[in-house]
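# Need coordinates for the following:
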Amino acid sequence: MRIITRIASLERDKVSGFYAAPPGAAPRPGVLFIHHANGVTSEIRESAERLARLGYGAFAVNMFHALGAKGEGLMGMGVEMQKIHKDAAFLKAITDGWNFLVAQPGVDRKRTAVIGYCMGGRLAIPFAADTPEVRAIVLNYPSIRDEPPSEFKPRAGYDTVRELKCATLLICGGRDTVIPPAMQQRVLSGLIANGQPLEYHFYHDAAHGFFSMEGENHHADVAQRVWPITTDFLERYVADPATA
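As a prediction, the model looks like this:
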């Protein structure tokens, strides 16, 4: 399928990011990507394009640009950004990205999902909890640590998942030291408690960040296997009008 792509800028669009979609304004489901600590990297843009070829309108919002960072080489910037910016600032950028996406021609805001990676997965949880329109959420190794709520992170992900009102796909690895298996089980318990559709996929040999080609923990085989699982989940809970 032929697709169109465009770069959204703060100056022109009041939001920064990468958008991909089929041409025209025919009704289509949407997906908002929330990036990891390395920003909107090549594999996230490629994933947006791949979903566009499947008929989605996909937007990868650049939270770092919204918070004042410049340029594209932002490897690891999320670690420092989370030390100086509160979650509320990140969530404002995500909300702006959501509003941009659902305003695009043809995107059906009632059939729109969120995919988050690492810090983006952690932030996707309170965003989806506060945005009832979100139809489904894909959490790739969300960086939920065993730590109490704080001024910068006032809502613990392991508790906030109980507030979700949408289907969830949780994907994690057995060698993850950020959200180790014990924390994964704590998050899983909260997801089960919310009563919504849930899928959990565990890869024992994958570490944190297995999706990121720029990172040292990239696991090409797991990343390849996760893709059809993700698209199948989106097809069932977002793309299908009857289900949505």
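# Mind jotting down where the helices sit in this structure?
10-13, 42-53, 63-66, 77-84, 87-102, 119-130, 157-160, 181-193, 220-234 (DSSP state H).
# Phe233: how many residues sit nearby?
23 (other C-beta atoms under 10 Å). Yep, even glycine has a C-beta here, placed from its N, CA and C like the rest.
# what about Asp205, neighbour count?
If we define neighbours as other C-beta under 10 Å, then Asp205 has 11 of them.
# correct me, but it touches Arg175?
Yes. With contact defined as C-beta atoms under 8 Å, Asp205 reaches Arg175; the gap is 6.5 Å.
# Distance to Tyr141 added to the helices of the chain, as CSV?
Compiled in CSV, the helices of the chain are given as follows (distance: least, C-beta to C-beta, whole Å):
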stretch, distance to Tyr141
helix 10-13, 29
helix 42-53, 14
helix 63-66, 17
helix 77-84, 13
helix 87-102, 17
helix 119-130, 7
helix 157-160, 12
helix 181-193, 9
helix 220-234, 10
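# any idea which of the ones you listed scores lowest on pLDDT?
Confidence, taken as mean pLDDT, is least for helix 77-84 of the helices of the chain (a mean of 89).
# so that one versus helix 119-130, what angle?
Counting by axes from the mean of the first three to the mean of the last three C-alpha atoms, to 10 degrees, helix 77-84 lies at 50 degrees to helix 119-130.
# Name the residue closest to the centre of this structure, please.
Centroid check for the chain by C-alpha atoms, centre = their mean gives Gly116 as the closest residue, at 1.8 Å.
# so what's that one up against?
By C-beta atoms under 8 Å, 6 or more residues apart in numbering, Gly116 lies in contact with 33-34, 122-125, 137-140, 142.
# 6 Å - rerun?
Taking C-beta atoms under 6 Å, 6 or more residues apart in numbering, we find Gly116 in contact with 34, 124, 139.
# Let's have those residues in a markdown table, adding distance to Lys165 and neighbour count.
Shown next, in a markdown table, are the contacts of Gly116 (distance: C-beta to C-beta, whole Å; neighbours: other C-beta atoms under 10 Å):
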| residue | distance to Lys165 | neighbour count |
| --- | --- | --- |
| Ile34 | 18 | 31 |
| Ala124 | 14 | 30 |
| Leu139 | 15 | 30 |
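# between these, which is nearest His201?
Leu139 (10.6 Å; C-beta to C-beta).
# Give me the pLDDT for that closest one.
So Leu139 comes in at 98 (pLDDT).
# Find the residue closest to it in space, skipping its chain neighbours.
Spatial nearest neighbour of Leu139, excluding adjacent residues (C-beta to C-beta, 6 or more residues apart in numbering): Gly121 at 4.3 Å.
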